[in-house]
Every structure is written in C-alpha cells, then in structure tokens.
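1. After the sequence you'll find the predicted model.
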Amino acid sequence: MAIAPKFDQDLRDYLENQAGILVMLSDDQLFVRSLRTAVFKTLGVKTDCLHVYTDPVQVIKVVSDRVARKLPVLVLADRLLRGKPNIEFMRTIKTTYPQARLLVMTQETGKHDLSQLFEIGVDSILTKPVSVDTLVEKMAGAIKPQGRISQLVQEARSCLDLGDTAKVKQLAQEILRLKDKSPVAYMLLGDAFLAEDRRDEAIRSYEAAHVGARLYLEPLKKLADAHKELDEDAYLRYLRKLDIISPLNTERKCEIGKVYMRKSEMENADKYFSEAIANAQREAFSQVDRVVQEIAEVVAESSPELAEKYYVQLLDMKGDNLTLDDMATFNKLGIALRRQGKWREAVDNYKKALTVAPSDERVIYNMGLAYADGQLHRMAVGAYEQVQRIAPEFHKTAPIVAFSMASAFAMTKDIPTARFYLASALEQDPGHAASRRLLSRLEQLGV
C-alpha cells in the first residue's frame, strides 16, 4: 500500500523545509533499519535528519540544544530500553522540553501502561511491529495535528497561553458545533473560565468533559486540582478515580497516601505508599530512593511505626552497597525506633551504621541518646566522649545537643562536665528551659 500523499508531504516538509530532525532512543536495530528505510528510501529525504542513540543523556543533550535554538525536534523513544521501563526519560522530555514532540514505540502492552504514557503527555504511540506506511503516518501525526478539530484545539491552546480567553471560548464553541459534547472542548472552556477566576463554571465544564469521556484523565486532574485545599474528600475522590484509570503514577499514589495520613487512616495510607514504592521499583532504582525517603519523612511524626518500615525497606534494598550517603537514613530510622521506645533496636541500627562510617559523630551521638533512653547512662557518656574526640565543637550544634550530653554526665555524677555542657546550652539559648531546670537541681543538691 502506498503512503498517503498528505503524510508523505507533511513529514518531508518537516524534515527538509522546516529543518526538523528525528532523534531516536532505541536498542532495537531492526526498527532502526525500518526507520532509515522509511525516511531515506521511501520518502527520499536528502538531509542528515536522523540521529540514533542508546543513551538517554545523549538524546536529552540534543533535544536541549534544539529547543534552545527554537528548532523542531521529534523524539522517537522505546518504552522499554534494555528491558527496563524508560519512564523517567519520557517524563523529562515532556516536562522540561514541552516544545519537543514525543512518539513512543512499544510492543503490545496493557491498558495501564498505555494510560501512563498518555498521562505523561506523549504525542503519539506506535505499536511494533509496524509497516512503513503506518510509521510515516504516526510521525506525521506527532508533528502536525491532523483534521480540523485537532487544528482548532492547537490554536485554542496557543490562545490560552497568550491569555486570550475570549478567543479560547469562541474556538471551543466551534469545536462543539463540529462534535457535540466534545470533551476537549469542555476542557478548553474550563481552562478559560479558570483563567478568568470563574471557578464554579470551570468545575462544571470539567465535569461535563468527564461525563463525555470517563477514561479521559485530564478532566479528573483539573477537578482534583480545583478541590485541593478546599474540599479534602472531593480531592481524594478524584485522585482515586485517576488512580483506577492510571494506577502506575507514583507521585499520585504518594499524594493519596498523604491525604489518608491527614485523615489519620493509617492502613489506607500504608496501602498507597506501598503501591507507590512498587511503582518506583518498576521504573528505576533512583526513583525508589527518592520516593521511600519522601514517604518516610511524611509519616515520621504521626506514625513512627510506618517510618520504621519504610526506612528499613530502603536500607534493605541497598544490601551491601551502603555508603556514607546512607547515614541520614540510619539516623532517621534510629529516631523512628526511639519514638516507639525501641532503644535496643536503635542501638543495633547505629552499630550497623558505624560499620560503614566508623567516625560519624552524628551516628555516635544518636547512639548515645538511645543508650540514655535505656537508662544506660555510662554507655551514653562513652558515646558522647567519643563524639567530643572526633568533633570537639559538636556540643555547640544546638542547645538540645549540649543539654542531652549534660544530662548523661549528671546521671553518672560527673558534675563538672555536666555544668560545662549546661553552660554551652545556655550560652546558645539563655532561655533554654530544660537546661535551666537541670542546673537548678544541681545547685539545690549543692554539687
């Protein structure tokens, strides 16, 4: 079957007359050959317009340069690169360089994966294997909207960026005349109303868009944003609807968990946080580290039990690859354990940390606090003495640090040293109540 003349013409014009290029991220050599055939033999393009890489960093450099010079670029990226999801790369392209067009190439895949790709904002999806005709058609569709409605939508979005809401509403009405109850037209109306600070009318438009296309994510996103900080229950309801349609969105899983945390529904919070971590593991390890850290810090104050669970999970994932960068995680885990009264477990945690960083004064100090929690004040003093040998000014970090050290020395009857640290605490904060109380007790005892 011959390539439709319009797609042929649009793509050739893009590559030869508009100085557009194709940047491909793929390790599929067979598909690369098919693309070369389509561009240079079938279309007969003469320019050096195709650049193929297997490293996402190289692609991002090229795209960054093209966008900076206001030159068109179409990125073709495999959904799986070396067998692993390429989600972070695609998200970077669409969020950092929205001017670039993105066509994602994939084998047959499930609806949840496709929902995730559409939510990221990819311009087109191509399912392999594919004919040369379809390949050209998909590329042409990604670089130029096909059909009158697509052109009107593109024009309306440009007007919205310029703040011309009257023109946006006019174009939306024209779309509705062409296609009754068009969800995208209602979305444009909602965006225009929202820009005019007409929130109620915007919400009604977004709801109309949602009714017209139940699986269309954008109306639900707009409705969630419209209720955020105003109606927590409605916000959660729309987030959960989004999650049902597109359950691979890690950030949204985290946000749902946070809402349940605020509602003190810990079991539900844990469910969504755990699902967020599973999503992150599926995407990339670097994503996992960030997500687990964020979740653990969110729950640390209200639920040290959950914080413990997530910090342990993060350290377990590192296995034998622990480094100095993990000391903060060890310290936070220790704090979560101490808040639950698990001082022995906290001590064991700090001892494990010291096998990686034997001279980390913060870890040793926190171990001293754990010993003090267990009333092992001489062990606490031993830890604090070690801290002072490593970092003689450590007690000046904060009044509470000096006070904690003073307390342990006071409990072991080393009053001069206790007074020394109390003086430091009060020098840092003359009104530090706990230090004043301890100093007063020592004076009453005549020591």
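-> That came through, no problem. Numbering: from 1, shown residues only.

2. Every contact and neighbour count from this point should use C-alpha atoms.
-> Noted.

3. Leaving out chain neighbours, which residue sits closest to residue 332?
-> In this structure, residue 332 finds its nearest non-sequential neighbour in residue 311, 7.6 Å apart by Cα to Cα, 6 or more residues apart in numbering.

4. and the gap between the one you found and residue 275?
-> The gap separating residue 311 from residue 275 is 16 Å, by Cα to Cα, to the nearest Å.

5. Can you pick out the residue with more neighbours from the two?
-> More crowded of residue 311 and residue 275, by other Cα atoms under 10 Å: residue 311, with 24 against 19.

6. Return the residues in contact with residue 347.
-> Neighbouring residues of residue 347 by Cα atoms under 8 Å, 6 or more residues apart in numbering: 334, 367, 370, 371.

7. Restricted to helices, list those.
-> When DSSP state H is applied, the contacts of residue 347 are split such that 334, 367, 370, 371 fall in helices.

8. which of the contacts of residue 347 count as buried?
-> 334, 367, 370, 371 (16 or more other Cα atoms under 10 Å).

9. Show me which pair in those residues is furthest apart.
-> The most widely separated members of the buried ones among the contacts of residue 347, counting by Cα to Cα, are 334 and 371 (11.6 Å).

10. Domain parsing of this protein, as residue ranges.
-> Following automatic domain parsing, one gets these domains for the chain: 5-143, 148-233, 393-447.

11. How far does the last one sit from its chain's centre?
-> When distances are taken as Cα atoms, centre = their mean, to the nearest Å, domain 393-447 is centred 43 Å away from the chain's centroid.

12. Just the mean pLDDT for stretch 440-447, thanks.
-> Regarding stretch 440-447, the rounded mean pLDDT is 80.

13. Where does pLDDT dip in the stretch 301-447 of the chain?
-> Where the stretch 301-447 of the chain drops to pLDDT under 70, the residues are 446-447.

14. how about a cut-off of 90?
-> Scanning the stretch 301-447 of the chain for pLDDT under 90 picks out the ranges 301, 314, 316-325, 442-447.

15. And for the stretch 151-300 of the chain?
-> Applying pLDDT under 90 to the stretch 151-300 of the chain flags the ranges 151, 153-154, 157, 179, 212-218, 229, 248, 278-294, 297, 300.

16. mind listing the strands for it?
-> Using DSSP state E, counting those that start in this stretch, the stretch 151-300 of the chain contains no strands.

17. quick one, helices of it?
-> Applying DSSP state H, counting those that start in this stretch to the stretch 151-300 of the chain gives helices spanning 165-178, 183-195, 199-212, 217-227, 232-245, 250-262, 266-283, 285-299.

18. Dump the shortest one to PDB, restricted to CA.
-> What follows is helix 217-227, C-alpha atoms only, in PDB (Å, rounded to 0.1, in the frame of the first residue of the first chain):
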ATOM      1  CA  LEU A 217      -7.600  11.700  32.600                       C
ATOM      2  CA  GLU A 218      -7.300  15.500  32.100                       C
ATOM      3  CA  PRO A 219     -10.800  16.500  33.400                       C
ATOM      4  CA  LEU A 220     -10.200  14.400  36.500                       C
ATOM      5  CA  LYS A 221      -6.800  16.100  37.100                       C
ATOM      6  CA  LYS A 222      -8.400  19.500  36.700                       C
ATOM      7  CA  LEU A 223     -11.200  18.600  39.100                       C
ATOM      8  CA  ALA A 224      -8.800  17.300  41.700                       C
ATOM      9  CA  ASP A 225      -6.700  20.500  41.500                       C
ATOM     10  CA  ALA A 226      -9.900  22.600  41.700                       C
ATOM     11  CA  HIS A 227     -10.800  20.900  45.000                       C
END
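
19. and for that helix, what are the contacting residues?
-> Residues from elsewhere that reach helix 217-227, judged by Cα under 8 Å, 6+ apart: 119, 187, 199, 203, 206-207, 209-210, 234-236, 238-239, 241-242, 245.

20. Check the offset of it from the chain's centre.
-> 19 Å.

21. which of the residues in that helix are buried?
-> 217, 218, 219, 220, 221, 222, 223, 224, 226, 227.

22. which of these lies closest to residue 267?
-> Nearest to residue 267 among these is residue 224, at 22.5 Å by Cα to Cα.

23. Pipe the ones in helices among the contacts of residue 347 into a markdown table and attach distance to residue 63 per row.
-> A markdown table is the format used below for those (distance: Cα to Cα, whole Å):
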| residue | distance to residue 63 |
| --- | --- |
| 334 | 44 |
| 367 | 49 |
| 370 | 52 |
| 371 | 55 |
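
24. Between these, which sits nearest residue 409?
-> residue 371 (12.7 Å).

25. hmm, back to that, okay, the helices of the stretch 151-300 of the chain, which one's buried deepest?
-> Across these, averaging neighbours per residue (mean count of other Cα atoms under 10 Å) puts helix 183-195 on top, at a mean of 24.

26. tilt between it and helix 217-227?
-> Angle, helix 183-195 to helix 217-227, by axes from the mean of the first three to the mean of the last three Cα atoms, to 10 degrees: 20 degrees.

27. Now do helix 183-195: which elements does it pack against?
-> The helices and strands touching helix 183-195, judged by 3 or more Cα pairs under 8 Å, 6 or more residues apart in numbering; DSSP states H and E, are helix 148-161, helix 165-178, helix 199-212.
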